[in-house]
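Asker: This is a predicted model, with the sequence first.
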8 protein chains.
Amino acid sequence: MTAPRTTDLGFARLDPDRVHRTGTPEVVYAAGKTPAQTVACLAALLDAGAGPDGRAFAWATRVDEATAAAVRERWPDARIDPEARCALVGEPPAPVGRVLVLTAGTSDGPVAAEACATLRACGVGARRVQDVGVAGVHRVLAVAPDIAAADAVVVVAGMDGALPGVVAGLTDRPVVAVPTSVGYGAAFEGLAALLTMLTACAPGVLVVNIDNGFGAGVAAARIARTVARGRATAER
Amino acid sequence: MTAPRTTDLGFARLDPDRVHRTGTPEVVYAAGKTPAQTVACLAALLDAGAGPDGRAFAWATRVDEATAAAVRERWPDARIDPEARCALVGEPPAPVGRVLVLTAGTSDGPVAAEACATLRACGVGARRVQDVGVAGVHRVLAVAPDIAAADAVVVVAGMDGALPGVVAGLTDRPVVAVPTSVGYGAAFEGLAALLTMLTACAPGVLVVNIDNGFGAGVAAARIARTVARGRATAER
Amino acid sequence: MTAPRTTDLGFARLDPDRVHRTGTPEVVYAAGKTPAQTVACLAALLDAGAGPDGRAFAWATRVDEATAAAVRERWPDARIDPEARCALVGEPPAPVGRVLVLTAGTSDGPVAAEACATLRACGVGARRVQDVGVAGVHRVLAVAPDIAAADAVVVVAGMDGALPGVVAGLTDRPVVAVPTSVGYGAAFEGLAALLTMLTACAPGVLVVNIDNGFGAGVAAARIARTVARGRATAER
Amino acid sequence: MTAPRTTDLGFARLDPDRVHRTGTPEVVYAAGKTPAQTVACLAALLDAGAGPDGRAFAWATRVDEATAAAVRERWPDARIDPEARCALVGEPPAPVGRVLVLTAGTSDGPVAAEACATLRACGVGARRVQDVGVAGVHRVLAVAPDIAAADAVVVVAGMDGALPGVVAGLTDRPVVAVPTSVGYGAAFEGLAALLTMLTACAPGVLVVNIDNGFGAGVAAARIARTVARGRATAER
Amino acid sequence: MTAPRTTDLGFARLDPDRVHRTGTPEVVYAAGKTPAQTVACLAALLDAGAGPDGRAFAWATRVDEATAAAVRERWPDARIDPEARCALVGEPPAPVGRVLVLTAGTSDGPVAAEACATLRACGVGARRVQDVGVAGVHRVLAVAPDIAAADAVVVVAGMDGALPGVVAGLTDRPVVAVPTSVGYGAAFEGLAALLTMLTACAPGVLVVNIDNGFGAGVAAARIARTVARGRATAER
Amino acid sequence: MTAPRTTDLGFARLDPDRVHRTGTPEVVYAAGKTPAQTVACLAALLDAGAGPDGRAFAWATRVDEATAAAVRERWPDARIDPEARCALVGEPPAPVGRVLVLTAGTSDGPVAAEACATLRACGVGARRVQDVGVAGVHRVLAVAPDIAAADAVVVVAGMDGALPGVVAGLTDRPVVAVPTSVGYGAAFEGLAALLTMLTACAPGVLVVNIDNGFGAGVAAARIARTVARGRATAER
Amino acid sequence: MTAPRTTDLGFARLDPDRVHRTGTPEVVYAAGKTPAQTVACLAALLDAGAGPDGRAFAWATRVDEATAAAVRERWPDARIDPEARCALVGEPPAPVGRVLVLTAGTSDGPVAAEACATLRACGVGARRVQDVGVAGVHRVLAVAPDIAAADAVVVVAGMDGALPGVVAGLTDRPVVAVPTSVGYGAAFEGLAALLTMLTACAPGVLVVNIDNGFGAGVAAARIARTVARGRATAER
Amino acid sequence: MTAPRTTDLGFARLDPDRVHRTGTPEVVYAAGKTPAQTVACLAALLDAGAGPDGRAFAWATRVDEATAAAVRERWPDARIDPEARCALVGEPPAPVGRVLVLTAGTSDGPVAAEACATLRACGVGARRVQDVGVAGVHRVLAVAPDIAAADAVVVVAGMDGALPGVVAGLTDRPVVAVPTSVGYGAAFEGLAALLTMLTACAPGVLVVNIDNGFGAGVAAARIARTVARGRATAER
C-alpha cells in the first residue's frame, strides 16, 4: 500500500485518504477552530478529493452559527443542519443500507440528528423515530417492525439510558447505544446513561461516547456498508 | 412523650423503644459483632420487650453461620433464613398489608430475601417473584396483576438496574428500588444500578442503598402499615 | 387492557394514558423544549383529556420565564408557581391525603416548592415547613406533631443531607428524602447529601435524584393515594 | 407474534425463545449459581429446544471448576473451554461469517477466549490473534490483511486501551472494543481502558463493558449474522 | 534551633526529636514492617529518649498479633491494646486535659480505641462513650454534660457520618470528626461519612482521614495540650 | 436548659440562641438569599440579641455586591470586607486568643480573609501571613516564630495542598487546614488539596471543606476560646 | 548555602532566587491576579535580577488580554504570545538543547504553545510539530527523524491521549506527556487522556497535569539543561 | 529502517528489537503468566539477543516466589531481587549515568527497589536513599548534596505524596515522581498521592503510574542515557 497522503495547513494536518482506509471521509471537527480555519480545511479536503471514490466532498461537525454562516458564504449550496450542527459540502454518494435512529426523549434530538447527518456523509441511509422511552414501554413495542427492517439500530438516550437494553432484548440486529447528557443530578452529565448501557442485561449493546452522535453514525455506517458489501458480493 | 429507654451493654447502647417511635423493632446488625455479642443484644431486647406492643421479639441481620449457630443454640426455635442471613427470635405480629418483592435476576435473590425477612419482622405480608428482568420484557408484563394487588412493590436489580423504571411506568403503586452489587466492570459494585434508578425516566422510583434489602423492607413496611392504618381507621 | 394511546407531535410522542397506568398525569418537561413546543404539548394533553378521570388537565415542570409567559398568554388562568417553576393548566382533582414537605434550609425552597406543585397536580394535599436543619436539632423536634399527622413526609436537604435520617428516627411514616445541590466544595453538587441519605443510620429512608422535587412529589403521591384508597375501600 | 415462552425453575425464569427474538441462545450466567443450579438450567434449555432453529443446545459462561465438573459429569461430550470459562452442551449451528479477535497483551487472553466461545455458541466463525499492542506498532500493521478479511473485529485491551483506536484508523470494518481489568494503579480495574476506547480519536469504535468478552461476542455475532443474511438474501 | 537528630536504621530513618517539635512522640507505623523491624524501631526510639522530656518511651500503631507477640517478648510490661492495635513501651507522662471520644455505633469501636491509645501516648486524658448515633437522637442529648466537661470532643462515625454535625450544634467545644469505613454500598468505604462531615450544616467540624483514630488522637492532644498550657501559664 | 428560641421569618427559621450553645453567633448565609432577605435576617438577629452575651450583633457570609450595598444602606457603619465577602453589623466582643492564618499562594487570599472575618465575628484575634507555599520551603521556615506564638494555625492552600502537612511537622499547635479550589486539571476543584490534607504524613492535621474559610474560622475560634477559658479559669 | 531571598509585596511573596535553586526563573501566575498585580510582580522580579545569571528577566503565564495590554504598556518590547497566553519581559539566555513539542490535534495548540514559551523562558530550544494523532498512524511515523534529533519530546494530546504511548514505543528519548481537556463526554475534561498516559503500554511515559504546558516546559527544560551540561562538562 | 522482528510464542508475541528502538530491553511482565511461560519468554529473548548491543540479556518484573524459583532453576546465576520482585538473566551493560532514588517512607521500599532494578537492567547507575518524608523536612534538606550529584531524581511517596514537590523546589534536576498505594482511607490506593504530584506547586514534577517503579526506572534511564550520550558526544 502506498503511504497515505497528508495535507499540511500549518495549523492542521489533514488526512484526505482516510476514506480509503476507513470508509469515513476525513471530517473537520469545528469546535476548536475559527470559522476561517474550518472553511480552509473544507476547501483543502475538496481540493484533495477526500470524499468516497475521490469525489469532491467534505464535511464538518460541531458547527456553530458563525461557522455555518462562513461555510454558506463560501459554498452557497452547502447542506447545513442546524439541529445536528453539521455542514456537508459537495455530494455524498447515494445511500446504501438502512440504519434506524431511535431517541428516548425529545431532548435527545440533536444527538440523533448528528448521527443521521453523519450517516448521510458516509453514504448510508438513515431513518429517525423520536421519543420512544421506556417509561411507556408500549411505545418501544410499537416500533418493532421498523427495527426488524434495519441493518443496524442507533439508540440515543439520556437520564437512565435504559432504552438500548430493552431494544436489544427485542431484536437480533446490531444495537449502537449513545448516552446523552440529558438529565440532572445523579445523571452526572451522561455518566448514569453510559454505565447503564455498558451493563445492560440484554447482551450485545455497543456503546459510544456521551453525546457522540458522530461516532455512532460512523460505527453504524461501518456495519451497514459491510452488510451492503455482503449483498453486493453475493449478487456478483 | 416520656424519654425513650436506653439499654447499655457497654459495647452497645440498645434502643428498645424504637418500635414505638418508628414502627420497626430495634435490630441487631450482626456484621460487626461477635456471635456472643449478637446473642447478648438479642437477649437484652427480648428482656426489654422491644417488639411491637411490648412483646418479646428481637431480630438480627447480616448473620453469618457462626452467629446463626449461636442463636440457634440459645433459642432453638429461632427462625433463621440463611439466604437472607436474618434471625428472628420470638413471634412477630400477624402480618398486615401486602408487599410484592420482585428481582431482575437469580443473583439478586439474597437481597430480596433480606427484604422479605425484614417485612416479616415488621409485621407486614410479603410475596416474592424472581427473575423478571427487562432483557425479556414480556416477563415483566406477566406480573402486572401481582403488582396491581400490592400496597407497595420492592424491585431488586443489579447490573443496569433498569427494572424499577419499567415497573414504575406500569403501575400507580409506590415502587421501592434496591440496586444490587451484582455485575462486574462498569457495574462498579452497584453504582451503575444505583444511578439508573435515581435517574429513571418513569417518575416516582424510590431508592435505597446498594444491597440494602433491610432498608427496603423497613421502608415498604412503613408504607404498608400506613395503608393498613388507613383501612383500619376507616373501618372504625 | 387496551393498548395505551400515543399522541405523536413529531418532535414529541405524548403518553396521555399515563395517568390511568401510573396515577400521575403525563407531564411536560419544559427544560429541553421551546416555549412553543411546551404550549403545543400542553394543548395536546388537554385535548386528549390526559388528566385524572379523563379531565382536561395538563402541566409542565422546569418552566422558565419565557415559557411561563407563553403559557399564561395561551391560558390566562393557568396556575404558574415561579419558585417551583411549574405550570398547571385546568383543574386538578380535589386533594386527597396529607403529605408534609420539610426543608433543612432556606435555599432548599425551590425543590420543596416543586414537590408541593407536583403533589397538587397529582391530586394530593401538601403542607410545607421550612428551615428545620439539624444544626439546631430542637427545630426538628418541634415539628414532630406535623410529622405524626402526615401520610408521608418529604424531606429536602442539601449540604450534609442529615435531616432525613434524624426524621426517620422519630417517626413511623414513610420518609422520602430529596438531596439538593445546595452547598459547595465537598458537597459536590448534591453528591454528599445523596450518599448521606442512602446510608442513613435510621432505616427506611427512601431517596430520589438530586434536586428532584418532581420525583419526590410523584412518589409521595403514590403513597398518599394508596393510603387514601385504603381508607376509601374500608369505608365502603 | 405469540407471547414468548418462560420456563420457571423457581430460582430462575428462563427465556428459551430468546434465540428467536435476538439471535443469541439464552445463556446461563453461572457466576451467581451453584453447580446444580447451572446444570438444571442447561437441562431445561436443552429440553425446551432453546438453540437456533429449536435445536437442543445450551451454554453457560463464568463457569468455575466445580461447575465445569458437574457439567462434564452430566454431559460427557460437553465442550468446556477453561480459559474462556464457558461450557457448550449440544451442537451449535455451522458457523457463518468471519470475526477477528485481537488482543493487546497475553493477559487479555481469557476475555478474548470468552468472545470466541460466545461467537461459536452464536454460530459465527471466529479467529484469534494475540499480543499486538501499540507499544510496538509494527505488530498491529502486520495483521492488516487479517483485519481486511473480517466482517467485524473484536479488539481486547487493558492498561491504556489504545489498540482499538489504532485499528479503527486502519480499517473500514466495524470495531468492537473490550476494555480489560489488566493493569494496576491508574488503570483503575479497566476504567482507564474504558475511557480511552470511548474517546478514541479514530471514530466508530464501539465499546462493551470491562472484561465483557461475552457481550463483545454477542455484538459481533449480531453484525456477522446481519452481513451473512445480506449475502444469503442477495444469493437468492 | 539545633538541627533535629535523625536515627538511620537503614530500612528506616527515625525522627526522635519529633516530640520536641510537634508534641507527639515519633510513632512506629507497624503496618508495612516486619515484627523484627517494628521492635528495632521501638528499641532505637527508647535508646534515643524519644518520649516527652527525653524519657524512654516509644509506641507503635497498626500492630497485628505477630508484632504484638514480638513486642511483648522483648518488653514484657509493654501495654498492648488489641482493639486499638497499639503498643506502648515505657511510661508516658501523666495525662493532662480531658478529651471525650464518642462513637456512633459499636463497629466504630476500634477506631475510637486507637484515638484513646494515641491520647494516652501523647500524655492527654481520654474518656470514651460508645454507640450514641443519631437514629435515636435522645442518646446524643443524654451525653451533653460529658461534652460540656471536655476540652475537645472526638466523634467517630461510619455509614452516614451524621453524628459530628449534631454534636457541633450542641456545644462550643472543638469537635474532631473521624469517618469510618463501617457500612456498605453507597458508604463507599467511608467516603459518604467523610463528605457528610466536611459539609456538616453545623460549622466548625474538623475532619481527619477515614479510620484515622491515630490522627484524631494527635489532633485532639494538640488542642488539649494548648489548653493545658493556657491553664498552666495563667497559674504562674 | 430552657428550649432554644426560634425566630420564624417564614422563608427562614433563625436560631438566635446558637451563640449560647456553640459560641458562634448565628450567621446569615447570603448566597441563596435576596439582598432584602439577608437584611431581614440580620435585623431579626440584632433584635433578638443574637450576639455574644445577648449583645446586638449579626453577620453574614458570601455577601455579593448587591447585598453589601443593601446592608450598607440599612446600617451605614456595618463593617463589610469585600475580599472576605462578609458583613458584620454591631460590635463583636473584644478579641481573645491568637489565631495565625497562613496561605500558600496569593489566590488563596479570599478564603483566608473569610477565616479572619469569621474569627473577628466570633471574638477571637486573627493575624494573616500570605504566600508561604512549599515550592520555596524557606518561606515556611521563616514564619516559625509566628506559628509558635499562636493558639491555633489555619493553613489555606490550593493545588497540591502540601503546606499544612509541612507546618504540622514543625509545630505542636493545632493545625486547621483549608483546601481551596485554586488550580486546574487534576486539582479537580480542590479535591487534590483535600485528599492531600486528609492523608498528610505529619499527623494531627484537621481539615474542613474546600474553600470553607468560614468553617475554619469557627473551628479555630472554638479552640482559641477553649484555650482562653483555660487561661481565665486558672487566673481565678 | 545562604538563605534564599524573599521579596514581599504584601499580596505576594516572590522567590527571586528560584532560578538558582531550580533553573527556572520565578514565574508570575497571572490567573488569580489583577493586571496591576501582575505588572508589579514582574517589575519586582526585574529589579531583583530574578533571571538566569542574575539578569533582568521576568515572565508570566495565563495572561489574559487585559493583563497583556498592561504589560505591553509598561514594557513595549515585552514578547507576548497570545496563543500561549505568556508574556516575557527582558531577554532570556540564548537557547541550549533541543526539545520537540508534538500535538495530537489542532485544538491542543495553546497547551503546546505554553510549553514552547516556557522552554524559551528557561533558555531551552523548542520546535513544534502539530496534528500527528494516532487516528492516522502514518503521521506519527513521518516525524520519527525529528524525534531522533531531540533531547526530549513533549507530546500534547486530548481525547484518548494515545499519542505519547505510541511515540514512546518508537524512540529512546525522554517523553513528557501532557493530557489536555480537549474532548467531551467520557473525556471528562482531560481525565481520560491523563489515565491513558499514566497506563501507557510503552514504558517510560512521564506525565504532567492536564493542560499544563507550563509544567511540561519546565520539566523538559530540566532534562535539556542537564543534557547540555553533560555536553559542556565533557567538552571541558 | 528494517522492520522490527517479532518472536511469536503463540501465547505471546515478543519484541526483541525494542532495545534498539527505545533503549529498554523487552521485559517480561510476569504477573499474568505462569512460571513456565515467563521462563519461555526469557529464554526466547536470550536466544534473540534482545539485550543492548545484541547481547544475551533478558529480564522480568512482578516475579512471585514460584516464578523466581523456576527462573533460578533454569539459570542458577540469575540475579533475583525479592524486594523488587525482578529477575535479571545475563549481564546488563556497565552502568552509565547516576540516578538517585528517594523514598518518603519505609513502606515505599519495594517500589523504589523495582526502579533500581529497572535502572540496572537498562544499564544505568542507581543509588537509593530511604525514608526522607516531609513530616520532618530536615531529612529532605540533608540529602541535597546527593540530589545535586544526580542526572535525575526518582522520588517515591505514598499517603499525601508531598515529597516530590518539595524536592523539585530545591533542585534543577529532572524529578520523576512515583505515587504509591501506601496509606488508607482518603489515600484511595494511591490516588491522593497521584493528584498531589500532578498538581505540585513546584513546577516540573514528572509523574508515572501508581506503584510503577518499573516505569519510573525506564523514564529515568531515558534521561540518564541521553545525558550520557551528550557527555560522550562532546568527548569525541
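Answerer: In hand now; what should we look at? Numbering: from 1, shown residues only, chains lettered A, B, ... in the order given.

Asker: use CA for all of it now, contacts and neighbours both
Answerer: Noted.

Asker: Say whether chain B is contacted by stretch A:168-179.
Answerer: Yes. Contact of stretch A:168-179 with chain B (CA under 8 Å from any CA of the partner chain) involves A:168, A:169, A:170.

Asker: Quick check: the last one touching residue D:20?
Answerer: No. If you go by CA atoms under 8 Å, residue A:170 and residue D:20 don't touch, sitting 9.4 Å apart.

Asker: The two: which is more packed in?
Answerer: Remark: of residue A:170 and residue D:20, residue A:170 carries more neighbours, 24 against 19, as counted by other CA atoms under 10 Å in any protein chain shown.

Asker: In three-state terms, label residue A:227 for me.
Answerer: Three-state assignment for residue A:227 (DSSP: H, G, I helix; E, B strand; the rest coil): helix.

Asker: Next, work out how far apart the residue nearest to it when sequence neighbours are not counted and residue D:177 are.
Answerer: Sequence neighbours aside, residue D:227 is the residue nearest to residue A:227 in space, at 4.3 Å (criterion: CA to CA, 6 or more residues apart in numbering or on different chains). Here the criterion is CA to CA, to the nearest Å. By it, residue D:227 lies 19 Å from residue D:177.

Asker: the more surrounded of these two?
Answerer: Shown here are residue D:227 and residue D:177; by other CA under 10 Å, residue D:177 has more neighbours (35 against 27).

Asker: Now do the strands in chain A.
Answerer: A:7-8, A:13-14, A:27-29, A:58-61, A:79-81, A:86-89, A:96-103, A:124-129, A:152-157, A:175-179, A:205-207 (DSSP state E).

Asker: close to chain D, is the fourth one?
Answerer: No. Under the criterion of CA under 8 Å from any CA, chain D is not reached by strand A:58-61; the shortest gap measures 12.5 Å.

Asker: So in that sheet, which strands flank that strand, and in what orientation?
Answerer: Strand A:58-61 pairs in its sheet with strand A:27-29 (parallel), strand A:86-89 (antiparallel), by DSSP bridges.

Asker: go on, the second one?
Answerer: Using DSSP bridges, strand A:13-14 pairs in its sheet with strand A:7-8 (antiparallel).

Asker: Just name the closest of the residues of stretch A:168-179 next to chain B to chain B, please.
Answerer: Chain B lies nearest to residue A:169 out of these, by CA to the nearest CA, at 4.7 Å.

Asker: Read off the pLDDT value for the closest one.
Answerer: Here the pLDDT value assigned to residue A:169 is 94.

Asker: neighbours around residue A:79, how many?
Answerer: Based on other CA under 10 Å, the number of other residues close to residue A:79 is 18.

Asker: Next up, the contacts around it.
Answerer: A:87, A:88, A:89 (CA atoms under 8 Å, 6 or more residues apart in numbering or on different chains).

Asker: State the distance from the closest residue to residue A:201 other than its chain neighbours to chain F.
Answerer: Leaving aside its chain neighbours, residue A:201 sits nearest to residue B:135 (5.7 Å; criterion: CA to CA, 6+ apart). Per CA to the nearest CA, to the nearest Å, residue B:135 is found 38 Å from chain F.

Asker: how close does residue B:135 sit to chain C?
Answerer: For residue B:135 relative to chain C (CA to the nearest CA), the value is 21 Å.

Asker: Was I right to think that residue contacts residue A:165?
Answerer: Yes. Counting by CA under 8 Å, residue B:135 touches residue A:165, with 6.7 Å between them.

Asker: Show me the common contact partners of the two, please.
Answerer: Listed as contacting both residue B:135 and residue A:165 by CA under 8 Å, 6+ apart are A:201, A:202.

Asker: In terms of neighbours, single out the busier of these two.
Answerer: When residue B:135 and residue A:165 are compared for neighbours, residue A:165 comes out ahead with 27 against 23, by other CA under 10 Å.

Asker: how about stretch A:109-125 against chain D, any contact?
Answerer: No. Using CA under 8 Å from any CA, stretch A:109-125 never reaches chain D; the gap is at least 11.0 Å.

Asker: Residues contacting that stretch, please?
Answerer: The contact list for stretch A:109-125 (CA under 8 Å, 6+ apart) reads A:23-25, A:59, A:61, A:81, A:83-86, A:88, A:92-99, A:101-103, A:126-128, A:130, A:156, A:180, A:211-218, A:220-221, A:224-225.

Asker: List only those of these flagged as buried.
Answerer: A:23-25, A:59, A:61, A:81, A:84-86, A:88, A:92-93, A:96-99, A:101-103, A:126, A:128, A:130, A:156, A:180, A:211-218, A:220-221, A:224-225 (16 or more other CA atoms under 10 Å in any protein chain shown).

Asker: Smallest gap between chain A and chain E, at which residue?
Answerer: Distances between chain A and chain E by CA to the nearest CA are smallest at residue A:186, namely 13.0 Å.

Asker: how close does that residue get to chain F?
Answerer: Residue A:186 is 18 Å from chain F, by CA to the nearest CA.

Asker: What distance do you get for that residue to residue C:210?
Answerer: 6 Å.

Asker: anything in contact with each of the two?
Answerer: If you check residue A:186 and residue C:210 against CA under 8 Å, 6+ apart, the residues they both contact are residue C:191.

Asker: can you map out the helices along chain A?
Answerer: A:18-22, A:35-48, A:65-74, A:109-121, A:137-142, A:144-148, A:163-168, A:191-198, A:213-235 (DSSP state H).

Asker: Point me to the residue of chain A nearest chain C.
Answerer: residue A:185 (4.7 Å).

Asker: What is the neighbour count of that residue?
Answerer: Neighbours of residue A:185 (other CA under 10 Å): 23.

Asker: which ones are touching the closest residue to it other than its chain neighbours?
Answerer: In this structure, residue A:185 finds its nearest non-sequential neighbour in residue C:210, 4.7 Å apart by CA to CA, 6+ apart. By CA under 8 Å, 6+ apart, residue C:210 lies in contact with A:184, A:185, A:186, C:178, C:179, C:180, C:181, C:190, C:191, C:194.

Asker: Likewise for residue A:156?
Answerer: A:101, A:102, A:103, A:104, A:108, A:111, A:112, A:164, A:177, A:178, A:179, A:180.

Asker: Identify the farthest-apart pair in these.
Answerer: The span of the contacts of residue A:156, defined through CA to CA, is set by A:111 and A:164 at 14.9 Å.

Asker: And the two? Which one has more around it.
Answerer: residue A:164 (32 against 26).

Asker: So what's the residue count around the residue nearest to residue A:15 when sequence neighbours are not counted?
Answerer: The shortest distance from residue A:15 to any non-neighbouring residue, by CA to CA, 6+ apart, is to residue A:6 (5.2 Å). Residues near residue A:6, counting by other CA under 10 Å, number 19.

Asker: Hmm, residue A:16 and residue A:6 touching each other?
Answerer: Yes. Under the criterion of CA under 8 Å, residue A:6 makes contact with residue A:16 at 6.7 Å.

Asker: Next one: residue A:13 from residue G:138, what distance?
Answerer: Noted for residue A:13: a distance of 12 Å to residue G:138, by CA to CA.

Asker: any low-confidence regions in chain A?
Answerer: Along chain A, the parts satisfying pLDDT under 70 run over A:1-2, A:234-236.

Asker: what sits against the residue nearest to residue A:227?
Answerer: A:226, A:227, A:228, A:230, A:231, D:97, D:151.

Asker: measure it to residue B:167 for me?
Answerer: From residue D:227 over to residue B:167 the distance is 36 Å, taken as CA to CA.

Asker: Likewise for residue A:221?
Answerer: 35 Å.

Asker: For residue A:165, give me its contacts.
Answerer: With CA under 8 Å, 6+ apart, residue A:165 has these contacts: A:197, A:200, A:201, A:202, A:203, A:205, B:134, B:135.

Asker: Report the separation between the two terminal residues of stretch A:194-204.
Answerer: Counting by CA to CA, you get 15 Å between the two ends of stretch A:194-204.

Asker: Oh, that last question was meant for stretch A:147-162, not what I typed.
Answerer: This stretch, stretch A:147-162, spans 17 Å end to end (CA to CA).

Asker: can I assume residue A:32 is in contact with residue G:181?
Answerer: No. Residue A:32 sits out of contact with residue G:181 when judged by CA under 8 Å, with a separation of 11.5 Å.

Asker: Cheers, nothing more for now.
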